[in-house]
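> got a sequence here, can you model it:
(one chain, ligands or ions: 3)
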Amino acid sequence: MELSDVSADLTEVLFTEEQIHAKIAELCRAIEADYAGERVLLVGVLRGAVMVMADLARELKLHIDMDWMAVSSYGAGTQSSGVVRILKDLDSDLHGRKVLIVEDIIDSGLTLSWLKKNLQARGAESVEICALLRKPEAAKVQVDVKYIGFEIPNAFVVGYGLDYAEKYRNLRGIGVLAPHIYA
Ligand SMILES: O=P(O)(O)OC[C@H]1O[C@H](OP(=O)(O)OP(=O)(O)O)[C@H](O)[C@@H]1O
Ligand SMILES: Nc1nc2[nH]cnc2c(=O)[nH]1
Ligand SMILES: [Mg+2]
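Ligands and ions are numbered 1, 2, ... in the order given. Purely as a prediction, here's the structure:
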């Protein structure tokens, strides 16, 4: 679905499909330089990271493995509950693996700071993070994100995997959700 198909639900277009794909390619070149000749395990965080994972994995000129985890801290609202729950765990053994967590957004930072520690404790050789979007709130939490696509303002965004009550994940671009939708 295009951003223009739901323009009444958005106050602003942040990134078009083309801008997102250009940024993903840029991120991939940096990842390729850092992991040249290595086999990386990409860990996608369901469900938001599905689109980033699909595009990033196809753009990367590296051999990779893909695994998925589902954690949730938001439920159906727009505020993090602060409680991270594992809804689906990884299938892979992380011992000695180079792990790259793939996320759509780092907002409060609670999900990723918790997840990075959790995966490091499983014996991975390294655990790094690639997030397409980062909000200013994330600065309050000590979490080192190696690859970041875009810094965005503190607004609730949807599209390209990001939902509001499960809607809008299938938008090709990313926009700011209009307050009348969630008020
Ligand atoms: O930095 P934080 O404040 O922790 O927020 C970021 C997380 O919140 C969203 O996921 P959510 O828990 O809503 O589930 P979803 O991926 O299934 O949409 C988003 O996809 C990130 O995973
Ligand atoms: N859809 C969506 N999910 C989020 N999770 C944390 N921040 C956000 C956001 O801005 N939009
Ligand atoms: Mg998520």
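
> quick check, pLDDT for residue 82.
Looking at residue 82, its pLDDT is 67.

> should've said residue 74
On pLDDT, residue 74 comes in at 64.

> helix/strand/coil for the residue of the chain found nearest ligand 3?
Closest residue of the chain to ligand 3, C-beta to the ion: residue 48 (3.3 Å). All C-beta spots, glycine's among them, are computed from the backbone N, C-alpha and C. Recorded secondary structure, residue 48: coil (DSSP: H, G, I helix; E, B strand; the rest coil).

> contacts only, for the residue nearest to it when sequence neighbours are not counted.
Once flanking residues are discounted, residue 48 sits nearest to residue 104: 4.0 Å by C-beta to C-beta, 6 or more residues apart in numbering. If you count contacts by C-beta atoms under 8 Å, 6 or more residues apart in numbering, residue 104 has them with 45, 48-49, 51-52, 131-133, 160-162.

> host element of residue 104?
Secondary-structure element containing residue 104, defined by DSSP states H and E: strand 98-106.

> what about that strand, near ligand 2?
Yes: where contact is defined by C-beta under 6 Å from any ligand atom, part of strand 98-106 touches ligand 2, namely residue 105.

> can we start the residue count at 239 from this point?
Taking 239 as the first residue, the last one we looked at is strand 336-344.

> that strand pairs with which strands?
Strand pairing for strand 336-344, determined by DSSP bridges: strand 278-284 (parallel), strand 364-372 (parallel).

> now do that strand: distance to the chain's middle.
6 Å (C-alpha atoms, centre = their mean, to the nearest Å).

> what do you get for stretch 242-260?
17 Å.

> what distance separates the start and the end of it?
Using C-alpha to C-alpha, to the nearest Å, one end of stretch 242-260 lies 20 Å from the other.

> for it, which positions count as buried?
For stretch 242-260, the neighbour count (16 or more other C-beta atoms under 10 Å) marks 244, 247-248, 252-253, 255, 258 as buried.

> likewise for stretch 381-391?
Under 16+ other C-beta under 10 Å, the buried positions of stretch 381-391 are 381, 383-387, 390.
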